[in-house]
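>>> Predicted model and sequence follow; I will ask about them next.
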Amino acid sequence: MANLAKDLTELSRKAGEPAADLTIQAEGNAAVFDRENSKFLVKASGVIMGNAKEDDWVWLELGSCVEILEEARKNGSSEKLTTALNEILASSKNSDGQVRKASIETLVHVVAFHAMEVDWSLHTHPTPVVALAASKDGAKHYSGTVFPDEAVMCGPVPLFLPFANPGLDLGLGVYLGVLEYQQKHGRNPGQIILGNHGLCTFGVGARDAYGATEIAVKAAKIRLGALSAGGISFVPNDAAEAIAFRPDEILRKRLLAREALNK
Ligand SMILES: [Zn+2]
């Protein structure tokens, strides 16, 4: 098995570089799925992304986390489920067997691995994305894409979700949002904008999860620029759909996913 903790550390440090402006302090997290063993590595609570080390990642069984999400989907969130979630998060261990509490935002990654068939999941708080996600017309600003590479790397239609408290409510909101999106569009969202909170992107490798975040940040800056220049004019929906699923663009995306993270 590849050294997932090493690769995840590399992704985290890149995402935590001050110049990237994706996270500061203990903001954000990342996770990778070991599909063969149905378990995943996620950031331990309180770790600074840019300083992450290989022992800052803890293992969790996907199945036990999915059970909580499913129960919440059927019967709504409850104190009992929150307690059960906290017990799971508090008992997680790193690869050295040390107990470290897993991030409170862990369920966001659980949704990605359980419902979206991806193996890498990156969650950050980029300033331009949060600025839009905290604006009163946030959902409107994310009703389309603003340039072709956004449609290719992040999908032609973003998923915008209203604010939810970190923890079970956030996980449930993302789960319900993704299921509804899949029903409506017949595919997975490539970028999820969390209202008053941040950004989630995904990949089959670390490289495309990070690449989607980079493009999403550029797209957020373009939205802010367009708003200051009179308003956003989106790429027409049919054109965004066409370019996102053009065979040469799909191939380009696949090739990029195979690149090393630092290329
Ligand atoms: Zn967050």
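Cool, got the structure. Numbering: from 1, shown residues only.
>>> switch to C-alpha atoms for all contacts and neighbour counts from now on
Noted.
>>> Output the contacting helices and strands for the helix or strand where Ala219 lies.
Assigned by DSSP states H and E, Ala219 belongs to helix 206-228. Helix 206-228 sits against helix 4-15, strand 120-124, helix 127-133, helix 148-154, strand 191-194, strand 198-203, helix 247-258, with contacts defined as 3 or more Cα pairs under 8 Å, 6 or more residues apart in numbering; DSSP states H and E.
>>> tilt between the second one and helix 206-228?
Strand 120-124 and helix 206-228 meet at an angle of 40 degrees, taking axes from the mean of the first three to the mean of the last three Cα atoms, to 10 degrees as the criterion.
>>> buried sites along strand 120-124?
For strand 120-124, a neighbour-count test (16 or more other Cα atoms under 10 Å) marks Trp120, Ser121, Leu122, His123, Thr124 as buried.
>>> So for stretch 61-78, mean pLDDT?
Throughout stretch 61-78, pLDDT has a mean value of 96.
>>> returning to that earlier point: need the least confident one among the helices and strands packed on helix 206-228, by mean pLDDT.
Taking the mean pLDDT of those, helix 247-258 comes last: a mean of 74.
>>> Residues contacting it, please?
Val152, Met153, Gly203, Val204, Gly205, Ala206, Arg207, Asp208, Ile243, Ala244 (Cα atoms under 8 Å, 6 or more residues apart in numbering).
>>> I'd guessed the second one sits against Phe202; true?
The reference is to Met153. No: contact criterion Cα atoms under 8 Å: Met153 and Phe202 do not qualify, at 10.0 Å.
>>> any common contacting residues for those two?
Joint contacts of Met153 and Phe202 (Cα under 8 Å, 6+ apart) are Gly190, Ala212.
>>> higher neighbour count, those two?
Between Met153 and Phe202, counted using other Cα atoms under 10 Å, Phe202 has the larger neighbour count: 33 against 25.
>>> got a list of what that one touches?
Ala112, Val118, Asp119, Trp120, Ser121, Leu122, Gly190, Gln191, Asp208, Ala209, Tyr210, Ala212.
>>> Kindly report the same for Ser233.
For Ser233, the contact set (Cα under 8 Å, 6+ apart) comprises Val146, Ala226.
>>> where in the protein is pLDDT low?
1-2, 262-263 (pLDDT under 70).
>>> Which residue, other than its chain neighbours, is closest to Ile222?
Val146 (7.3 Å; Cα to Cα, 6 or more residues apart in numbering).
>>> Then Leu11?
Using Cα to Cα, 6+ apart, the closest residue to Leu11 is Ala206 (6.5 Å).
>>> Tell me how many other residues crowd the one you found.
Ala206: 26 neighbours (other Cα under 10 Å).
>>> Thought Phe33 was touching it, still the case?
No: using Cα under 8 Å, Ala206 makes no contact with Phe33, being 11.2 Å away.
>>> what sits in contact with each of these two?
Here Ala206 and Phe33 share the contacting residues Trp120, scored by Cα under 8 Å, 6+ apart.
>>> Let me know the angle separating the helix holding Ala219 from helix 247-258.
Using the same axes, to 10 degrees: helix 206-228 against helix 247-258 is 120 degrees.
>>> And helix 206-228, what's buried?
For helix 206-228, the neighbour count (16+ other Cα under 10 Å) marks 206-224 as buried.
>>> One more: stretch 31-51?
31-34, 39-50.
>>> Now, those residues that are in strands?
Among the buried residues of stretch 31-51, the residues falling in strands (DSSP state E) are Ala31, Val32, Phe33, Asp34, Lys39, Phe40, Leu41, Val42, Lys43.
>>> now, the most widely separated pair of those?
Asp34 and Lys43 (14.7 Å; Cα to Cα).
>>> and Leu161, what are its phi and psi?
The phi/psi pair for Leu161 (degrees, to the nearest 10) reads phi -120, psi 140.
>>> close enough to count as contact, it and Gln191?
No: proximity of Leu161 to Gln191 does not meet the contact threshold set by Cα under 8 Å, at 10.9 Å.
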